[in-house]
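Participant: here is my input; please provide its structure:
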Amino acid sequence: MPSVTNEKSDFDRAIFDLVPLPMWIYDLDTLHFLAVNKEAIHQYGYSEEEFKQMTIRDIRPQEDVPKLEEAVERTKSRRTKFKKSIFRHQRRDGIIMYVQIKGNTINFKGKKAEIVTATDLTELYEKERNLNKAYEELSFSEKRYRSLIGNGRDLVAIIDLAGNYKYVAPTSTTVLGIEPEAFLGKNAFDFIYEEDAPRVMEQLGKMQESKSVSIEAYRFPDVNGDLRWFKTELSNHLNIPLIEGIIANTHEVTAEIKEKIVSDLFTELTLTFAKSFSLVSSLDKALQRLVLLPKIRVSEIWLVAPDHSELHLVSTSLQQRKFDLFYQHTQEFTSCTEGEGLAGSVWKEKKVIVWDNLVQNKHFLRAEAAQMTGLSTGIGLPIMYGDEFLGCIVCFSTSPPEILAEKITLLTHLSEKLGPIVKQKVTEEEYRNVFNISSDPLCIVGFDGYIKKCNKAFAHLMGYQKSHLYATAIFDFICLDDRSRAAEALSLLISGHLTERFSGRFLTAQGEIKWLQWSATVAAESKTIVAVGKDITKQKLAEQALQTAYEKLKTAQKIAKLGYWFRPIDSDISEWSEEVYTIYDCSPDTFIPTVENVKQALLPNDRHLMEEDPSVHLQPGTTKSFEHKIVTRSGRLKWVHQEVLLVTDEQGNVVKIEGTIQDITASRQAMDQIKKQNDTLREIAWLQSHSIRAPLTRIMSLIYLSKELDGGGKSPDEIMDLIMDSAQELDDVIAQITVKTNLIHHEHGTDTTHR
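Facilitator: Coordinates of the predicted model:
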């Protein structure tokens, strides 16, 4: 082991300090620093005094100390002169350095020590580590790329500027079912669909000057010849060795493109339906769009009849005028039943049906016309709304089904979407027909009280132009006295609490009052009310006239004391008019006219009229009169006159008994009084004709006897006595007549006693 003296020369010290690498000497036993040079002080940030208080452990990360101690132990037993190793050191500021250590053991001032040189390799180490990492990532990317190429869904190929294939990835087998080798030596435009080829070729031509180009969707056949849709990203690598071509990264977008085509076509058809006023015009325009599809020559729409008895041909469209011949020879074929013809078969099966070779198809009823026009394939597509069959689309082509696969798929997707808008248009048509044809007033009123739409019947009834009706709140057409009720009814209807119809008076443009009765329903989503009105003006006038007549009838009944009643033959309770209750001195609130209650009002001798079967006393259709007494609820005795009738139905069965009852108490009393007067008058007449005549005759005879016969043997006094007796008798008779006469006048309310 070399020895270093205690007294170093200035030259040795200068060399130690001038070395441009950190150097130090440390004690192999205690690991304390014994000496450090200026570069070590500069690199590590400690002063010389601080170093001499430290061990070499203090410049190592804590986790590396065990590794350091192992290295020191190896140094103690090392026989070689130098050692070189890579370690991590830690500066005073905490920064980690990667350093290469070169050391040699020495004897320093009598201590076994090691002199060390440290070279900072941090920057180089980081570069090496990054390089290794990059290499690992590159290896991983290469593996991943190979995996994607081999197992992905994208098509990767290398082509030249003319489109010739130089390389095709194995994914062609997965995506197209075609082996990569099948493309090599061929041109891409040998495969690309002819209609799309010019556009793709134009984009490829741009690669001479561009680094990358995106080619929008184009069609490319798979192993079965079915056209699929793809998008391609081209990147220019013509100048890169080992590639020297254009990388074409292609991915399939068939589903998206077909969905977009269907969506665009559906949107177009939806707008067509929205803009067209009638259902037929909507269908006509829709079919005109369908025949613009390649290879679709004729299209037609069939709709099911309202009673679901048959299908009706409602619209047709032709791609070319020459196909008019098809319909010229099938003019009579405008309807079919379920299962009849192509349309009827679609109805029966409710699924897409494709018929090829129409001329030879025995189920196709227009085979002769198809032969004349060259139509060979028929496509029937159901139009469904949920489970409801609305109709079908039928398309004809001159191409075989295998060529039409893409169109059939497109039409299938389209027909699946058409159901709701056809249903809506059919509903609108039905609604419009009902709305415009209805003779009753129809209105759509907003929650704000303004009329949004009305039919001709309402405008005609009110006598206003629709423009005026739409610009005026509906309350302004209602008579002032009814407006508050109308506003309350509208509020209740909107809140869902109106349970009855609203009737009100409307004032027309001519100043007439019209009674309208409304039934309404609320469409909350559109904040509108659909109201159906009925002109009940005549009914109201009739009701008013009837009410007036009824009031007059009640007055007449009161005057005549005449009431009406009836009782269903199978019921125990009668229906009474107001005057019947008056006659019985009761009211509907206090008396129920059951058979038993009415019977109790009769005198015992008359109750058999109620107890016996009505047919005993009555003949159906023949009115019978009864006069009898009743005892009213107040205990009064009254005479009544009843006219009673048994009423029968059309079969002759008795259904009710009805009648009128009249209070004849006053007339019966008057008749009794007249009878008494007549008896009195008869007595007076008898007195006049008998009682007066006898004394008067005697008086006249006595006068004659006295004058003519000179008394006839009687003295004048005797004759006078006899005359006085007869006169007294005559006076008595006259007094009786006077009394009876006064009695008659007294019963009539006059008294002649003092006259």
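Participant: so where's the stretch 201-350 of the chain shaky on pLDDT?
Facilitator: 261-262, 272-277, 291 (pLDDT under 70).
Participant: the same query, at a cut-off of 80, please.
Facilitator: The model of the stretch 201-350 of the chain has pLDDT under 80 over residues 225-227, 241-242, 257-283, 285-294.
Participant: quick one, helices of it?
Facilitator: Per DSSP state H, counting those that start in this stretch, the stretch 201-350 of the chain carries helices over the ranges 254-275, 279-290, 324-328, 341-349.
Participant: now these as TSV including mean neighbour count and distance to residue 25?
Facilitator: Placement of C-beta: from N, CA and C, glycine included. Supplementary listing: the helices of the stretch 201-350 of the chain in TSV, determined by neighbours: other CB atoms under 10 Å; distance: least, CB to CB, whole Å:
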stretch	mean neighbour count	distance to residue 25
helix 254-275	15	76
helix 279-290	19	97
helix 324-328	16	112
helix 341-349	22	102
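Participant: what's the closest of the ones you listed to residue 605?
Facilitator: helix 279-290 (80.8 Å; CB to CB).
Participant: on contacts alone, who are the packing partners of that closest one?
Facilitator: Other elements packing on helix 279-290 under the criterion 3 or more CB pairs under 8 Å, 6 or more residues apart in numbering; DSSP states H and E are helix 254-275, strand 298-304, strand 311-318, helix 405-437.
Participant: report the buried residues of the longest one.
Facilitator: Buried residues in helix 405-437, counting neighbours by 16 or more other CB atoms under 10 Å, are found at 406-415, 417-419, 421-423, 425-426, 428, 435.
Participant: and the closest residue to residue 419 other than its chain neighbours, its phi and psi?
Facilitator: By the measure of CB to CB, 6 or more residues apart in numbering, the closest residue to residue 419 outside its immediate chain neighbours is residue 385, 4.3 Å from it. For residue 385, the backbone dihedrals (degrees, to the nearest 10) come out as phi -120, psi 100.
Participant: and residue 385, what are its bridge partners?
Facilitator: Going by DSSP bridges, residue 385 is paired in beta bridges with residue 388.
Participant: what is the least confident helix or strand in the chain?
Facilitator: For the chain, counting by mean pLDDT, DSSP states H and E, strand 3-4 ranks last in confidence among helices and strands (a mean of 52).
Participant: helix, strand or coil: sort out residue 511 for me.
Facilitator: coil (DSSP: H, G, I helix; E, B strand; the rest coil).
Participant: with residue 641 instead?
Facilitator: Quick answer, by three-state DSSP: residue 641 is strand.
Participant: my guess is it contacts residue 624. True?
Facilitator: No. When contacts are counted by CB atoms under 8 Å, residue 641 is not listed as touching residue 624 (11.7 Å).
Participant: settle it for me: which of those two has more neighbours?
Facilitator: Using other CB atoms under 10 Å as the criterion, residue 641 and residue 624 rank with residue 641 on top: 17 against 14.
Participant: residues contacting the more buried one?
Facilitator: 625-627, 661-662, 664 (CB atoms under 8 Å, 6 or more residues apart in numbering).
Participant: make it 7 Å
Facilitator: 625, 627, 662, 664 (CB atoms under 7 Å, 6 or more residues apart in numbering).
Participant: need those in JSON lines (columns: secondary structure).
Facilitator: Shown next, in JSON lines, are the contacts of residue 641 (three-state DSSP):
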{"residue": "625", "secondary structure": "strand"}
{"residue": "627", "secondary structure": "strand"}
{"residue": "662", "secondary structure": "strand"}
{"residue": "664", "secondary structure": "coil"}
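Participant: now which of the residues you listed would you call buried?
Facilitator: 662, 664.
Participant: looking at the contacts of residue 641, which is nearest residue 485?
Facilitator: Among the contacts of residue 641, residue 662 lies closest to residue 485 (CB to CB), at 42.4 Å.
Participant: my guess is the closest one contacts residue 638. True?
Facilitator: No. Between residue 662 and residue 638 there is no contact under CB atoms under 7 Å: 10.4 Å.
Participant: okay, residue 564 and residue 660: tell me how far apart.
Facilitator: Remark: distance between residue 564 and residue 660 (CB to CB, to the nearest Å) = 6 Å.
Participant: and residue 283, by the same measure?
Facilitator: Taken as CB to CB, the span from residue 283 to residue 660 is 68 Å.
Participant: do the same with residue 357
Facilitator: Residue 357 is 88 Å from residue 660, by CB to CB.
Participant: and for residue 271?
Facilitator: Counting by CB to CB, the gap from residue 271 to residue 660 is 74 Å.
Participant: take the helices and strands packed on helix 279-290 and lay them out in a markdown table including distance to residue 166.
Facilitator: Conversion of the helices and strands packed on helix 279-290 to a markdown table gives the following (distance: least, CB to CB, whole Å):
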| stretch | distance to residue 166 |
| --- | --- |
| helix 254-275 | 26 |
| strand 298-304 | 46 |
| strand 311-318 | 48 |
| helix 405-437 | 31 |
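Participant: quick one, which of the ones you listed is nearest to residue 396?
Facilitator: Checking these against residue 396 by CB to CB gives strand 298-304 as the closest, at 4.1 Å.
Participant: what does the closest one contact?
Facilitator: 283, 287, 290-291, 311-319, 323, 326, 343, 375, 389-396.
Participant: stretch 357-376 too?
Facilitator: Stretch 357-376 has contacts (CB under 7 Å, 6+ apart) with 297-298, 323, 325-326, 329-330, 333, 341-342, 345, 355-356, 377-378, 396-398, 400.
Participant: how far away is the residue nearest the centre of the chain from residue 455?
Facilitator: Centroid-nearest residue in the chain: residue 525, 8.1 Å away (criterion: CA atoms, centre = their mean). According to CB to CB, residue 525 stands 22 Å off from residue 455.
Participant: try residue 86
Facilitator: Distance from residue 86 to residue 455, by CB to CB: 99 Å.
Participant: looking at the two, which is more packed in?
Facilitator: Neighbours were counted for residue 86 and for residue 455 using other CB under 10 Å; residue 455 has more, 23 against 11.
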